[in-house]
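1. Here's my sequence, what's the structure:
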Amino acid sequence: MFGYGFVSVLLGIYLKLLGGGDAAVVAALGASLASGAGLNVLVGLYGDRFGRRNAMVVFGLLMAVAGTVMALAPSFTFALVALALGALSPTGTEVSPFLSVEQSIVAEVAARGRRTRAFGTYNLVGTLAAAAGSLSIAVLGLPVGPGLTSPGLLRPMFLVYAVLGLLAAALSRALPVTVEIGQTSRRVALSPRSRSRVARMSGLFAVDSFAGGFVIQSFVSFWFFTVYGVPLATLGLIFSAAGVLTAFSFLVAARLGERFGLLETMVFTHIPSNVLLILVPLAPGVLPALGFYLARMALSQMDVPTRQAFLAGIVSREERTAANAATNTARNVAQAGGPFSSAAVVAALGLSVPFLIGGGLKIVYDLMIFAAFWRVEPEHV
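-> Now for the predicted structure:
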């Protein structure tokens with residue numbers, strides 16, 4: 001997550017410096033998400049059979065290869081090879097196949113009745129690490145301002161990302177055997193009830209993620225850099241602050257979920273955050289725009305631990321890896337479509353319109369998921 005934090009800030013700008021046009025850069029971010037979705041399909045089919053620790057080791061090695069290829073890329077076209085590996089996160093959050101396996105592990109080891117808090121802590125630690133990654137851009141004194149014209153000075157950061165991938169692989173190998181559900185030679189099939197629930201939730205998550213794909217963190221960084229000329233160092237500070245706000249919101253979300261219900265917390269914190277998202281490009285200047293964005297980030301991810309706990313509570317423990325992979329694949333595929341659609345919107349209507357479309361679609365999702373699941377009660381939250 002530390003690596004995702006700085007890569008998401010740099011990626012769009014780095015691709016532009018390698019020769020990509022505005023629309024092509026936004027579309028390339030979607031290609032990265034689409035590749036990650038393909039890996040999630042493999043997790044759903046083979047994750048528990050292959051072994052959770054083994055799978056996470058492979059994903060760490062993919063991070064290392066992707067970072068190395070990106071650091072050495074001589075052109076925008078060559079950089080697409082690194083994006084195709086699905087191990088670079090343009091969102092600043094966990095969207096790789098790590099997520100499906102990790103969610104299953106957290107649900108497996110969480111104490112009975114404390115699953116939501118376990119997910120809250122898991123997301124807190126990861127998001128603080130991502131915030132530190134964003135902050136590192138300022139701390140390391142990376143080149144600042146729109147006058148930056150060469151990708152050379154940014155290349156070492158992708159080598160750092162590669163090293164972090166190797167570290168992730170080593171830590172994954174060191175996980176205890178208790179994270180495994182027990183390797184099996186057969187694929188675990190979802191029960192009819194679980195299949196129906198997972199299918200509905202996957203479709204709804206797809207709507208949310210497609211909307212989020214319009215305004216992923218790399219795009220927001222690119223937007224502030226292009227529209228207001230915000231320097232890279234300042235962007236690093238902004239996204240670090242946003243990460244801290246998001247991180248501590250997870251703890252609040254866990255308490256709200258236990259008191260008022262997981263679904264209620266998901267929906268009634270998400271709607272105000274999307275209103276704030278719509279206001280970002282409508283603000284009269286850079287400071288109000290930043291204010292709306294940071295306020296949005298203090299609310300926008302409170303649905304994450306509650307959503308993860310809700311899904312874990314409506315399927316059996318043997319079904320969780322498959323269910324996580326199915327919903328995460330739907331999210332990744334749909335989110336990948338967001339940047340492609342956003343690229344078309346940017347080309348036709350301008351760089352700010354994706355905020356309006358993304359925020360509006362997310363509000364539609366909030367209303368739809370509440371209507372679909374308000375009668376479903378998860379177990380052992």
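2. where along the stretch 1-150 of the chain do the helices fall?
-> Remark: helices assigned in the stretch 1-150 of the chain by DSSP state H, counting those that start in this stretch are 2-17, 22-50, 52-72, 76-84, 98-109, 115-139.
3. Now the fourth one: buried residues?
-> Looking back up the chat, that one is helix 76-84. By neighbour count, and taking 16 or more other Cβ atoms under 10 Å as the criterion, the buried residues in helix 76-84 are 76, 79, 80, 82, 83, 84. Yep, even glycine has a C-beta here, placed from its N, CA and C like the rest.
4. Give me the packing partners of that helix, helices and strands only.
-> In terms of contacts (3 or more Cβ pairs under 8 Å, 6 or more residues apart in numbering; DSSP states H and E), helix 76-84 is packed against helix 2-17, helix 22-50, helix 52-72.
5. Same check on the first one?
-> The contact analysis (3+ Cβ pairs under 8 Å, 6+ apart) places helix 2-17 against helix 22-50, helix 52-72, helix 76-84, helix 115-139, helix 155-173, helix 217-227, helix 232-260.
6. mean confidence score for the fourth one?
-> Taken as a whole, helix 115-139 has an average pLDDT of 86.
7. try the first one
-> Looking at helix 22-50 alone, the average pLDDT works out to 77.
8. what's the angle from it to helix 52-72?
-> With axes from the mean of the first three to the mean of the last three Cα atoms, to 10 degrees as the basis, helix 22-50 and helix 52-72 are set at 160 degrees to each other.
9. how far does helix 22-50 sit from the chain's center?
-> Computed by Cα atoms, centre = their mean, to the nearest Å, the chain-centroid distance of helix 22-50 equals 12 Å.
10. other SSEs contacting it?
-> For helix 22-50, the helices and strands in contact under the criterion 3+ Cβ pairs under 8 Å, 6+ apart are helix 2-17, helix 52-72, helix 76-84, helix 98-109, helix 217-227, helix 320-349.
11. so which of these is the most packed in?
-> When neighbours are counted by mean count of other Cβ atoms under 10 Å, the highest per-stretch mean among the helices and strands packed on helix 22-50 falls to helix 2-17, a mean of 26.
12. CA atoms only for that one - export them in CSV, please.
-> These are the backbone C-alpha positions of helix 2-17, laid out as CSV (Å, rounded to 0.1, in the frame of the first residue of the first chain):
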residue,chain,number,x,y,z
PHE,A,2,3.0,2.3,0.5
GLY,A,3,3.9,1.7,-3.1
TYR,A,4,0.4,2.2,-4.3
GLY,A,5,0.3,5.5,-2.5
PHE,A,6,3.1,7.2,-4.4
VAL,A,7,2.5,5.3,-7.7
SER,A,8,-1.1,6.6,-7.9
VAL,A,9,0.1,10.2,-7.6
LEU,A,10,2.9,9.8,-10.2
LEU,A,11,1.4,7.3,-12.7
GLY,A,12,-0.7,9.6,-14.9
ILE,A,13,1.9,12.4,-14.9
TYR,A,14,4.7,9.9,-15.7
LEU,A,15,2.7,8.4,-18.6
LYS,A,16,2.1,11.9,-20.0
LEU,A,17,5.9,12.6,-19.8
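13. nearest to residue 137, of the helices and strands packed on helix 22-50?
-> With Cβ to Cβ as the criterion, residue 137 lies closest to helix 2-17 of the helices and strands packed on helix 22-50, at 5.6 Å.
14. Quick one: mean pLDDT over the closest one.
-> 88.
15. can you list the helices of the stretch 1-150 of the chain in CSV and add distance to residue 263?
-> Conversion of the helices of the stretch 1-150 of the chain to CSV gives the following (distance: least, Cβ to Cβ, whole Å):
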stretch, distance to residue 263
helix 2-17, 28
helix 22-50, 24
helix 52-72, 28
helix 76-84, 35
helix 98-109, 17
helix 115-139, 12
